[in-house]
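S.K.: Give me coordinates for this.
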Amino acid sequence: MTVSTTSPDGIEADQLAGRRALLFQRAPLAIVELGSDLAIRDWNGAAERLFGHARREALGRRVDELLPASGDAGAWRRLLEEDGGAPHVWDHVTKDGAAVSFEWRHERLLDEHGQVSGVGVFGQDVTERVEQVRRYQQKELVLRTITQTLPIVVWAIDREGIFTFHEGKGAESAGLREGDLIGKNVFEYYADVDGTADMRRALAGEEIHSVSSTQGVSWESWEIPIRDERGAVYAVVGFTLDISPAKRTEQELRSKLELIERQQQVIRDLSTPIIQVWDGVLTLPMIGVVDSQRTAEVMDSLLDAIVRTGARYAILDLTGVEMVDTKTASYLLDLVGAIRLLGAEGIITGIRSNVAQTIVSLGLDLSSITTLTNLRAALQHCIRQMAKERAPAGALQAAPAR
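M.R.: Reported below is the predicted structural model:
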């Protein structure tokens, strides 16, 4: 790039031009001189290094062909027509195919008649800066999407407790708008709220996760201390999520589960009712399939009833039982043994053939247990036994045989 000047302090013009040419080549910025037709008139060393095109390759070529600007064919022409000033950031492709971002500034070049003869453009590689801006914009977009979609509040306070950031759709649940708390002190604004203790712990360096309720709204909060290069906490970033719908759903599910449990208990009680059929005689008619869990519940209920009523006999009526598993058959015998320990007699009635086969296949010994065909026979047995216990010994001996 050549500029007509007068040599100061007696320095020869050719020496001054040589120095300027050297500076032109060694400048850290890419410097390109363009004619009014966009043809490249000069191309310095930095342009060679940054774009990979040697000076001899670039001279005479149109700049919009060698370095298309972000796919905009008219970008260079518009720049040529501008007076200068504002920088332009464009994406280019180097000779080896790498994508780079350049910030260009330009100045018009005048001839000896003061007419525009071309333009000088000065560019620096801002690829890293542009990428950082893009990453920042992407993060900003992600954060904005989260805060405007979810019922969340994202906030930050400095070491004095002053809000420096406050965004999120969840602010509406607290009767606030985004940014309402910026500049306010959290310890003054929420002086009557217990949660400020968590803020102080976070400013002291502790990460906090908590669940709280205020004004009928349930919140789940995370408070993260931010440290400087010395490790000192200088801010706290917080995320507060409105979990009221989830809490309501949880409470509804809990209520439904409790209702189901109560209904199941009623069903269990109805399916294994303990009935006092005679003074001192309890009967437990069992229906359906008897599994291990049901047998264990029956054992607890029946033993409690024997102790409560002082019963002498407990009849286990299996007439309605279609099937028992191997473990259940053993439990039934254990139940009869537990009844005996309480001073009562356990009687089993109504054993079906398939249940009897299960008991036999297990090799269980029923010789010490009274087993009868049906509930009527068991009740008669109990009445006779109680009559014998109540009758005087002599009366029993004098009674005529029938």
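S.K.: Where does the prediction get shaky in the protein?
M.R.: 1-22, 84, 195, 265-272, 288-294, 392-402 (pLDDT under 70).
S.K.: Distance from the helix or strand hosting G238 to the middle of the chain?
M.R.: Counting by DSSP states H and E, the element that carries G238 is strand 233-242. Mean-position distance between strand 233-242 and its chain equals 17 Å (Cα atoms, centre = their mean, to the nearest Å).
S.K.: CA atoms only for it - export them in CSV, please.
M.R.: Once non-C-alpha atoms are left out, strand 233-242 reads as follows in CSV (Å, rounded to 0.1, in the frame of the first residue of the first chain):
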residue,chain,number,x,y,z
VAL,A,233,-16.9,-16.9,48.7
TYR,A,234,-17.9,-13.7,46.9
ALA,A,235,-21.4,-14.7,45.7
VAL,A,236,-24.1,-17.4,46.0
VAL,A,237,-26.1,-18.7,43.0
GLY,A,238,-29.5,-20.2,43.7
PHE,A,239,-32.1,-22.2,41.9
THR,A,240,-35.6,-22.3,43.4
LEU,A,241,-38.2,-24.6,41.9
ASP,A,242,-41.9,-24.4,42.5
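S.K.: Could you give me the buried positions within it?
M.R.: Neighbour-count burial for strand 233-242 flags A235, V236, V237, G238, F239, T240, L241, D242 (criterion: 16 or more other Cβ atoms under 10 Å). Using the backbone N, CA and C atoms, a C-beta is placed for each residue, glycine as well.
S.K.: any idea which helix or strand comes after that strand?
M.R.: Heading C-terminal from strand 233-242 (DSSP H and E), you reach helix 244-271.
S.K.: so how far is that following helix off the chain centroid?
M.R.: Per Cα atoms, centre = their mean, the centroid offset for helix 244-271 relative to its chain is 26 Å.
S.K.: Setting the sequence-adjacent residues aside, check what's closest to G175.
M.R.: Nearest residue to G175 in three dimensions, chain neighbours excluded: Q215, at 7.8 Å (Cβ to Cβ, 6 or more residues apart in numbering).
S.K.: doesn't R177 fall inside a helix?
M.R.: No: using DSSP: H, G, I helix; E, B strand; the rest coil, the assignment for R177 is coil, not a helix.
S.K.: What about it, how many residues nearby?
M.R.: 10 (other Cβ atoms under 10 Å).
S.K.: how near is it to W222?
M.R.: Computed as Cβ to Cβ, to the nearest Å, the R177 to W222 distance reads 22 Å.
S.K.: Next, the nearest residue to Y189 once chain neighbours are set aside: secondary structure please.
M.R.: The spatial neighbour of Y189 that comes closest, neighbours along the chain excluded (Cβ to Cβ, 6+ apart), is L181 at 6.6 Å. Secondary structure, three-state DSSP: L181 is coil.
S.K.: same thing with S368?
M.R.: Criterion first, three-state DSSP; result for S368: coil.
S.K.: Convert stretch 117-130 to CSV, retaining C-alpha atoms only.
M.R.: Provided in CSV are the C-alpha atoms of stretch 117-130 (Å, rounded to 0.1, in the frame of the first residue of the first chain):
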residue,chain,number,x,y,z
SER,A,117,-8.7,5.5,-5.6
GLY,A,118,-9.4,2.5,-3.4
VAL,A,119,-9.7,1.3,0.2
GLY,A,120,-7.4,-0.1,2.8
VAL,A,121,-8.9,-2.8,5.1
PHE,A,122,-7.3,-3.9,8.3
GLY,A,123,-8.5,-7.2,9.8
GLN,A,124,-7.7,-9.3,13.0
ASP,A,125,-8.6,-12.9,13.7
VAL,A,126,-11.5,-12.9,16.2
THR,A,127,-12.4,-16.5,15.8
GLU,A,128,-11.9,-17.3,19.5
ARG,A,129,-13.8,-14.2,20.6
VAL,A,130,-16.7,-15.0,18.2
